[in-house]
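S.K.: sequence and predicted structure, then a few things I'm wondering about:
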Amino acid sequence: MSALPSVSAKSQPAAAGAYDVVVVGAGFAGMYMLHRLRRQGLSARVYEQGGDVGGTWYWNRYPGARCDVESMQYSYSFDDELQQQWDWSERYAPQPEILKYAQHVADRFDLRGDIQFETRVDRAEFDEIANTWSVTTSDGRTVTAQYVVLATGCLSNAKMPDIKGLGDFKGKVYHTGHWPHEEVDFTGLRVGVIGTGSSGIQSVPVIAEQASHLTVFQRTANFSIPARNAELTPGEREAFRANYPEIRRIAREEMRNGIVQEVPDRGALDDGENERRAKFESRWSKGGLTFMGVYNNLAFDKAAYDTAAGFVRDKIAEIVEDPQTAKLLQPNDHPIGSKRICIDTDFFATFNRPNVTLVDIKSDPIRQILPHAVRTSAREIEVDALVLATGFDAMTGSVAKIDIRGRNGQTLNQKWAEGPKTYLGLMSAGFPNLFIVTGPGSPSVLSNMIVSIEQHVEWITDCIAWMRDRDLAAIEAGRDAEDRWVAHVNEVAHSTLYPQANSWYMGANVPGKPQIFMPYIGGVGVYRQICNDVAAKGYEGFATTAAEPPQKRAAS
Ligand code: NAP
């Protein structure tokens, strides 16, 4: 890996405080967006509330945090030298390494000059006469831009649980999605972890090694598959590098989730019990998300998913020595895969440690946090520190925190009060020149995020270039096209078992949030083709406004 010399690069606004594009967020989406905009000769300003680049990987520093998509695929593909030169150390990169990668990208493409850190975008208001956005930031300044791009991330708004007495707790309280930068040492402490989603499942085994005692408060048991993480060998890295163009093409065009893996040609019931068990066993040994790819109907057919769920429940019973604990850890209230499947390293085995206790808060709910304890209906458990692995207000939470006002002063929160409405997950009618990267209505969280980010950034920047070539001032999703897309997203989701779970995909983890299946489940390959076709047809379904004179206004 070569560290390229840092040359000062900064895009130049036409006038002070007037940019072509304002980008909100400097995670993987915001960074690539800035890079592309600059290459198009546009001026851009990126605002980032964190102190550095990295987004998710800047905030989620909890013990054990790592990606559940293999590193060689969870990386940018837009620059061949970058992908050939960066050395990933492990099959699933740990958080510090992914953050280092993000920082390397920022250095390599000299991005920081156009990013203002520790600054939130509080408000964005569309000026219907000038066709520009006026953007106000937490430092009290206001700038204008023709376009605003929300690169705010899908899982960036950490959700604090509403538990009585939490504020009275005298020990330290940590949220996995907002972890401190300095090292947290649990040695000798009694720790309570609340939540057993991906973040809880990753952090529990690591915290258990330090804590004098760890109590895990579980409301809903989750399906988890062993990661089988390991160091990558030079040979494994080379195999990817030699075939990267084709691997990336397949990820983009042919895979449902943007991750290259074997595509099953059979359903679970096409095999007899022994053969099926052998296949599950082989995927369990291999580890990782590919477990769900062993058959082609696990997300669609109840009888099929029952076979996979039964297999995982049997594994939990084999691993966990105490039968009562094993039973509590066996998920039984949702189809496997209908909530994001977790990938772990020794999560279930951790409950065999003498210093770890599982508390089932479904049958014995948490009533109150006391200054030094968690009180459930039945008991009081003393703890010195609390870890809240309670998840995020996903997909819309970070957008909702910004006061976004489009045509006629309507806010995006008003428009989305019954659930997010977008055309292609990219724009929302009534909010011209406002793009969302991996927004609701796009594959986003159901895919390898970097594949989806790159697709959106390229589509958006191509659209802006197309607009400039034609001297167009504004582009906006048409309401009919948006309604049709929302109906399509919904219809595809309901042909699967996903909506059957109370998941964050549905907004079900946030009290009062409308329950709508937010991501597009049709697959990244299909979705990319739809977006490309729309663009090829002159951005079909979008309406454009000519810059001058106004009578040249054209609707497509
Ligand atoms: P999550 O999946 O939403 O899990 C939150 C957990 O907290 C659930 O067990 C939930 O229980 C529990 N919980 C929430 N509020 C609670 C309350 N008031 N009282 C008690 N328990 C409560 O959140 P997450 O684990 O942070 O993961 C979110 C997503 O981030 C993942 O699905 C994944 O997409 C991503 N992620 C990925 C990785 C990775 O790449 N390896 C790692 C971490 C996260 P209920 O289920 O009963 O609501």
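M.R.: Sure, I can see it.
S.K.: mind listing what the residue of the stretch 151-300 of the chain found nearest the ligand touches?
M.R.: Nearest residue of the stretch 151-300 of the chain to the ligand: residue 197, at 2.2 Å (CB to the nearest ligand atom). From N, CA and C alone the C-beta is placed, and that goes for glycine too. Residues near residue 197 by CB atoms under 8 Å, 6 or more residues apart in numbering: 222, 339, 340, 342, 389, 391.
S.K.: give me the subset of those residues touching the ligand.
M.R.: Contacts with the ligand within the contacts of residue 197, as defined by CB under 6 Å from any ligand atom: 340, 389, 391.
S.K.: residue 181: which of those residues is nearest?
M.R.: The shortest approach to residue 181 among those belongs to residue 389, at 18.5 Å (CB to CB).
S.K.: next, the closest one: phi, psi?
M.R.: Main-chain dihedrals, residue 389, degrees, to the nearest 10: phi -100, psi 50.
S.K.: so for it, what's the pLDDT?
M.R.: Per-residue pLDDT puts residue 389 at 98.
S.K.: mind starting the numbering at 49 from now?
M.R.: Got it, first residue is 49 now, which makes that one residue 437.
S.K.: near it, how many other residues are there?
M.R.: Neighbour count of residue 437, defined by other CB atoms under 10 Å: 25.
S.K.: for the ligand, what are the nearby residues on this structure?
M.R.: Contact residues, the chain versus the ligand (CB under 6 Å from any ligand atom): 114-116, 203, 209, 211, 224, 242-248, 250, 267-268, 388, 391, 409, 437-440, 493, 552, 557.
S.K.: among those, which lie within strands?
M.R.: Counted as lying in strands by DSSP state E, out of the residues of the chain next to the ligand, are 242, 391.
S.K.: among the residues of the chain next to the ligand, which ones are in helices?
M.R.: Using DSSP state H, the subset of the residues of the chain next to the ligand located in helices is 246, 247, 248, 250.
S.K.: on that earlier part again, which of the contacts of residue 245 are buried?
M.R.: Among the contacts of residue 245, those scoring as buried are 270, 387, 388, 390, 437, 439 (criterion: 16 or more other CB atoms under 10 Å).
S.K.: test my guess that residue 400 contacts residue 368.
M.R.: Yes. Counting by CB atoms under 8 Å, residue 400 touches residue 368, with 6.6 Å between them.
S.K.: these two: who's more crowded?
M.R.: More neighbours surround residue 368 than the other of residue 400 and residue 368, with 21 against 14 (other CB under 10 Å).
S.K.: what's around the residue lying closest to that one once chain neighbours are set aside, how many residues?
M.R.: Spatial nearest neighbour of residue 368, chain neighbours left out: residue 374 (3.7 Å); criterion: CB to CB, 6 or more residues apart in numbering. Close neighbours of residue 374, defined as other CB under 10 Å, add up to 19.
S.K.: helix or strand: which one has residue 374?
M.R.: Here residue 374, judged by DSSP states H and E, is contained in helix 371-377.
S.K.: now swap in residue 396 and tell me
M.R.: helix 395-398.
S.K.: what sits up against that helix?
M.R.: With contact meaning CB under 8 Å, 6+ apart, helix 395-398 is reached by 249, 250, 252, 253, 256, 272, 363, 364, 367, 368, 377, 404.
S.K.: mind redoing it with 6 Å?
M.R.: Here helix 395-398 makes contact (CB atoms under 6 Å, 6 or more residues apart in numbering) with 249, 252, 253, 256, 272, 364, 367, 368, 404.
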